[in-house]
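# Sharing a sequence plus its predicted fold:
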Amino acid sequence: MLNNRSAPALVAGAFVLIGLIGWLAGWHLGLDSSVYRSGALAVLRGEELYGHLTATPDWAVDLPFTYPPIAAVLFLPLAFLPTQLVWAVFGAGTALGVAAVLRWTTGRAPSLVLLVVTFSLEPVWRTIGYGQVNVLLMALVAFDLLRPHRWSGVLVGVAAAVKLTPLIFVLHLAVTGRWREAGRALATFCGLHALGFLLLPGDSLRFWGSAILTGNKAAGNGYITNQSLSGAVQRLTDGAAWAPVLVAVLSVACVVVAAVLARRSHLGGDPVAAVLITAGCGLLVSPISWSHHWVWVVPLVALLVRRTVVWVVFTCWALVVPSGNALLDNLYVLAALAGGVAWWARGRVAVDVRSARVGANDPRGRWHG
């Protein structure tokens, strides 16, 4: 009988079955997961990781490997699977990862209805379609931050080593006073990249020397699905020469405000809100935040299940093609900024209410020593 606990496993099994059928039928499955596999095969064959990937399927777009060398090393098991089954691995992992994150953030196993709602979100279905790693990295971070354990911080370091953007959560650990975990995360990150240099010295030099900026035109990609501050500024200014300065100013301001809000939420007993604030900040300040990177909307929609506007924003088709409309073309960025402003205002109101209560009960009010 299908229940809240068995639904994720059933969905994961369905992805595996689709992958098996796709393998036998020769379907074209997994654009990004095929790149992960091609990167792993390049390592095994001693080929250049940041050039043309010879293992890329004929049907796939000739995309570059944009992750650090250690990511390709960690992807090595994928080299022994056919492309369609690699997609199935990430599809099944996404299903289980979504369910796990929902459980850790809401405190209960997700219902089938909630799973359907989350799978209808554009970042999630696009992640599944591409065979992306986004949800798996989110699950590593969520477990480390929301389920404290003896080695908390290690999984954040692993996630950041695979894809640099989770480094924002090292700052999260620091601003929320979890210094030991922050140190553990940073040590794991540095240790894995040191291993990358040891195993793939040439590729490591190429990545940190040039590929980190040239991959996906990270320094100035204004395509519509890049829903970061950088992408929005590039679109709104038509790539003006002063755009990078504006991006830098906005990014610094975003990090400062997010640090304040995350610390306030964490100390106020709401660690989930603190993590979501940090995740939103990371998406905004990253040079490249493709729309499928916005999977952190999954716990947000679960927690605000009655706020249908959030679901509408992240299920709409506004990002499929450029519209020329400043609101629609920058929808995720504007939604995140609006959410930050609302949370700041909510905190201010709470402070004012507490101050009023103190003042009513104590003539000395907030000046009470």
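Received, thanks.

# so residue 151 makes contact with residue 187?
No. Under the criterion of CB atoms under 8 Å, residue 151 makes no contact with residue 187, lying 11.3 Å away. Every C-beta, even on glycine, is put in place using the N, C-alpha and C of the backbone.

# what about residue 49, how many residues close to it?
25 (other CB atoms under 10 Å).

# helix or strand for the residue nearest to it when sequence neighbours are not counted, which one?
On the basis of CB to CB, 6 or more residues apart in numbering, the spatially nearest residue to residue 49 that is not a chain neighbour turns out to be residue 203, at 4.2 Å. Mapping residue 203 onto the secondary structure by DSSP states H and E places it in helix 201-206.

# Also residue 309?
For residue 309, the host element (DSSP H and E) is helix 308-315.

# where do the strands sit along the stretch 101-250 of the chain?
Listed in chain order, the stretch 101-250 of the chain contains no strands at all (DSSP state E, counting those that start in this stretch).

# for it, what spans make up the helices?
112-119, 122-130, 134-146, 154-162, 168-175, 179-199, 201-206, 212-214, 229-237, 243-267 (DSSP state H, counting those that start in this stretch).

# Buried residues in the shortest one, which are they?
Read it as helix 212-214. Using 16 or more other CB atoms under 10 Å as the burial criterion, the residues of helix 212-214 that qualify are residue 212.

# closest one to residue 105 among the helices of the stretch 101-250 of the chain?
Each of the helices of the stretch 101-250 of the chain was checked against residue 105 via CB to CB, and the shortest separation belongs to helix 134-146, namely 6.7 Å.

# so for stretch 118-126, what's the average pLDDT?
Mean pLDDT, stretch 118-126: 93.

# got the CA coordinates for that stretch in PDB?
As requested, C-alpha coordinates have been extracted for stretch 118-126 and formatted as PDB (Å, rounded to 0.1, in the frame of the first residue of the first chain):
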ATOM      1  CA  THR A 118       7.500  19.800  -5.300                       C
ATOM      2  CA  PHE A 119       8.100  17.700  -8.500                       C
ATOM      3  CA  SER A 120       6.000  20.300 -10.400                       C
ATOM      4  CA  LEU A 121       8.500  23.100  -9.400                       C
ATOM      5  CA  GLU A 122      10.500  24.200 -12.400                       C
ATOM      6  CA  PRO A 123      13.900  23.800 -10.600                       C
ATOM      7  CA  VAL A 124      13.100  20.200  -9.700                       C
ATOM      8  CA  TRP A 125      11.700  18.900 -13.000                       C
ATOM      9  CA  ARG A 126      14.500  20.600 -14.900                       C
END
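
# from now on call the first residue 347
Renumbered: residue one is now 347, and that last one reads stretch 464-472.

# Residues in contact with that stretch: which ones?
Outside of stretch 464-472, the residues that reach it under the criterion CB atoms under 8 Å, 6 or more residues apart in numbering are 357, 440, 444, 448, 456, 474, 478, 480-481, 637-641, 643-644, 647-648, 657, 660-663, 665.

# how distant is it from the center of its chain?
Mean C-alpha position of stretch 464-472 versus that of the full chain (CA atoms, centre = their mean, to the nearest Å) differs by 13 Å.

# what comes up buried for it?
Along stretch 464-472, the positions that meet the burial threshold by neighbour count (16+ other CB under 10 Å) are 464, 467-470, 472.

# report the angle between the axes of the helix or strand residue 383 falls within and helix 500-508?
In this structure, residue 383 sits in helix 377-391 according to DSSP H and E. An angle of 80 degrees separates the directions of helix 377-391 and helix 500-508 when computed by axes from the mean of the first three to the mean of the last three CA atoms, to 10 degrees.

# helix or strand right after helix 377-391?
Per DSSP H and E, the helix or strand that comes after helix 377-391 is helix 415-420.

# For that following helix, C-alpha coordinates in PDB please.
In PDB, the C-alpha atoms belonging to helix 415-420 read as follows (Å, rounded to 0.1, in the frame of the first residue of the first chain):
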ATOM      1  CA  PRO A 415      38.700  18.200 -10.900                       C
ATOM      2  CA  ILE A 416      37.900  16.500  -7.600                       C
ATOM      3  CA  ALA A 417      34.300  16.300  -8.700                       C
ATOM      4  CA  ALA A 418      35.300  14.300 -11.800                       C
ATOM      5  CA  VAL A 419      37.200  11.900  -9.400                       C
ATOM      6  CA  LEU A 420      34.100  11.500  -7.200                       C
END
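
# Skipping its backbone neighbours, what lies nearest residue 461 in space?
Here the nearest residue to residue 461 in space, its sequence neighbours aside, is residue 353; by CB to CB, 6+ apart that works out to 5.8 Å.

# ok, now how distant is the residue nearest to residue 395 from residue 402?
17 Å (CB to CB, to the nearest Å).

# The two: which is more packed in?
Using other CB under 10 Å as the criterion, residue 549 and residue 402 rank with residue 549 on top: 26 against 22.
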